[in-house]
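Q: Mind folding the following:
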Amino acid sequence: MTIPSHPLRAGVCADGIFHGWLVVAAAFLITLLGFGSAYAFSTFVEALQRDFSATRGAVSLVFSLAGFLYFGFGAVSGPLADRYGSRRLALTGMLLLTSGLALASAAQNMTQIYLAYGLGVGLGIGCSYVPVVGAVQRWFDRRRAMASGLAVSGIGVGTLLVPPLASALIDAWGWRAAYLILAAGVAVIGSAAARWVENAPQDRGLLPDGARGAAPASAESRPQPADLPASAAIRSRAFALLYLGCLASAFGVFVPFVHLVPYALDHGIRPGLAALLLGAIGVGSTAGRYLVGALADRLGRRASLAAMYVGMAAALALWGACGQFWTLALFALAFGVCYGGWVALLPAVVMDRFGGRHISSIIGVLYTSVAFGTLIGPVAAGYAYDLRGTYALPIAASAAANLLAAAITGLLPRQRNR
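A: Just a heads-up that it's a prediction; the model follows:
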């Protein structure tokens, strides 16, 4: 038996675990904390409305501002991660998120909530999300969609765990204490997880997927995409179609994260049960990230992405017909599966098309489309409710937007062998 001159070049760490899975674990924890804190906002809506005498549209703007920043800022954090490393950006993001939650707990008016939560949470997730997701793509080839799904399943688990936790904290000690406790958790766990993030396997003398030898095992059987510069990728037709599809979908996809709990309360469902509906989205989202990612590696990522848009449209249409807890829970589960699949597939599709050297930069620019949709969709839904006293119009518009996204994604050219 020949002993490698450099043990780590075999693709595993000294303890026998391929280091890429540690990067996946770090991304899982960072997305859990970030998006769990963000999506728990729905449980704070009623308390903020009451304490600051605000309309539902005005309160919805807090989430939309944060969402705009955490997706839009990826256009900045992505190139910074490509240049300076993902770990630094991840740690900065966790510190900003901690500060935003802590400052929100001391806010005395809605303007301070906008500044503390909107800027702190928005920039915190914006600094960390794209860099850690981009790093995961570089560590895997054959199992890229699966690894990406596992990494971003933290979003689903965070949506499952954090909103019910926040609701219980609000009931016990009030919304200010709830924000402080969340801030403490992010500070401790998030900062520790950031230390596991690393940009690429080559930095450790490793290979993607833990392959042995000078090249990945699939290198001869699977043609690899060229590593396009970010500027060339962004000018391509494929990128334009991906961008338009994400933009259309994002107008509706984040409406439930703000308005599902208020919708349930309007239908007489108790606050504790209403918060569990967000948890149901989290359950479905986690399942979607695991299952869809693995299936897409076999069935095709482009077609699977289009299917996720169709699934979200169908689930949103179901939402408009729901009024009981169990029917809303079914909606939440179905929507969560497709939403989770969408989030898991996007980075993998980008990697397939454009290569990995500038992946964080390309994903960052792509996510500005989601930023604009997030900024407009939940706020528009809130003001539509203020005017009409019903969510019928925004729910229908959200479903139609996702059907449009599916049609646009179907126009993506098939992947050619390079």
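Q: hey, let's count contacts and neighbours off CA atoms from now on
A: Fine.
Q: Now residue 258. Nearest residue, chain neighbours left out?
A: residue 42 (4.9 Å; C-alpha to C-alpha, 6 or more residues apart in numbering).
Q: Could I get the contacting residues of residue 246?
A: Applying C-alpha atoms under 8 Å, 6 or more residues apart in numbering to residue 246 gives the contacts 366-367, 369-370, 405.
Q: do that again at 7 Å, thanks
A: Taking C-alpha atoms under 7 Å, 6 or more residues apart in numbering, we find residue 246 in contact with 369-370, 405.
Q: ok, then the element right after whichever strand or helix holds it?
A: Assessed by DSSP states H and E, residue 246 sits inside helix 237-253. Heading C-terminal from helix 237-253, the first helix or strand you meet, by DSSP H and E, is helix 255-266.
Q: so what secondary structure elements neighbour the helix or strand following that next one?
A: Using DSSP H and E, the helix or strand that follows helix 255-266 towards the C-terminus is helix 271-299. On a contact count with 3 or more C-alpha pairs under 7 Å, 6 or more residues apart in numbering; DSSP states H and E, helix 271-299 meets helix 144-173, helix 255-266, helix 325-354.
Q: average pLDDT for the helix or strand harbouring residue 309?
A: Using DSSP H and E, residue 309 maps to helix 301-319. Mean per-residue pLDDT for helix 301-319: 91.
Q: coming back round to it: now render the helices and strands packed on helix 271-299 as a markdown table, adding mean neighbour count, mean pLDDT and distance to residue 37.
A: Formatted as a markdown table, these follow (neighbours: other C-alpha atoms under 10 Å; pLDDT from 0 to 100; distance: least, C-alpha to C-alpha, whole Å):
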| stretch | mean neighbour count | mean pLDDT | distance to residue 37 |
| --- | --- | --- | --- |
| helix 144-173 | 25 | 84 | 6 |
| helix 255-266 | 22 | 88 | 12 |
| helix 325-354 | 24 | 88 | 17 |
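Q: With distance to residue 23 as extra columns, can I get these in CSV?
A: Putting those into CSV (distance: least, C-alpha to C-alpha, whole Å) gives the following:
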stretch, distance to residue 23
helix 144-173, 8
helix 255-266, 27
helix 325-354, 15
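Q: Could you work out which of those helices reaches nearest to residue 74?
A: helix 325-354 (12.7 Å; C-alpha to C-alpha).
Q: Tell me how far that closest one lies from the chain's centre.
A: In terms of C-alpha atoms, centre = their mean, to the nearest Å, the centre of helix 325-354 is found 10 Å from the chain centre.
Q: and the host helix or strand of residue 380, what does it pack onto?
A: Using DSSP H and E, residue 380 maps to helix 359-388. On a contact count with 3+ C-alpha pairs under 7 Å, 6+ apart, helix 359-388 meets helix 56-72, helix 74-84, helix 122-138, helix 237-253, helix 255-266.
Q: Now the last one - C-alpha only, PDB.
A: Think helix 255-266. C-alpha atoms of helix 255-266 as PDB (Å, rounded to 0.1, in the frame of the first residue of the first chain):
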ATOM      1  CA  VAL A 255     -45.500  37.100   1.300                       C
ATOM      2  CA  PRO A 256     -46.300  34.000   3.500                       C
ATOM      3  CA  PHE A 257     -43.300  34.700   5.700                       C
ATOM      4  CA  VAL A 258     -44.700  38.000   6.700                       C
ATOM      5  CA  HIS A 259     -48.500  37.500   6.400                       C
ATOM      6  CA  LEU A 260     -49.200  33.900   7.100                       C
ATOM      7  CA  VAL A 261     -49.400  34.400  10.900                       C
ATOM      8  CA  PRO A 262     -51.500  37.600  10.700                       C
ATOM      9  CA  TYR A 263     -53.800  35.800   8.100                       C
ATOM     10  CA  ALA A 264     -54.200  32.900  10.600                       C
ATOM     11  CA  LEU A 265     -55.000  35.300  13.400                       C
ATOM     12  CA  ASP A 266     -57.600  37.000  11.300                       C
END
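Q: How about residues contacting that helix?
A: 39, 42-43, 60, 271, 274-275, 377-378, 381.
Q: so which of the residues you listed comes closest to residue 170?
A: residue 43 (8.5 Å).
Q: Kindly provide the distance from the residue lying closest to that closest one once chain neighbours are set aside to residue 327.
A: Nearest residue to residue 43, sequence neighbours excluded (C-alpha to C-alpha, 6+ apart): residue 167, at 5.9 Å. According to C-alpha to C-alpha, to the nearest Å, residue 167 stands 21 Å off from residue 327.
Q: again with residue 300
A: Where residue 327 is concerned, residue 300 sits at a distance of 32 Å (C-alpha to C-alpha).
Q: swap in residue 384?
A: 23 Å.
Q: Now find how far off-centre the helix or strand harbouring residue 48 is within its chain.
A: Taking DSSP H and E as the criterion, the element that holds residue 48 is helix 45-52. Mean-position distance between helix 45-52 and its chain equals 26 Å (C-alpha atoms, centre = their mean).
Q: Which elements pack onto that helix?
A: helix 56-72.
Q: picking up where we left off before, pick the one among the contacts of residue 246 closest to residue 183.
A: Closest to residue 183, out of all of the contacts of residue 246 and judged by C-alpha to C-alpha, is residue 370, at 25.5 Å.
Q: Isn't residue 195 up against residue 87?
A: Yes - the criterion here is C-alpha atoms under 7 Å, and residue 195 meets it with residue 87 at 6.4 Å.
Q: More neighbours: which of the two?
A: Legend: neighbour count by other C-alpha atoms under 10 Å for residue 195 and residue 87, higher for residue 87 (21 against 15).
Q: Excluding chain neighbours, give the residue nearest to that one in space.
A: residue 197 is the one closest to residue 87 (C-alpha to C-alpha, 6+ apart), at 5.1 Å.
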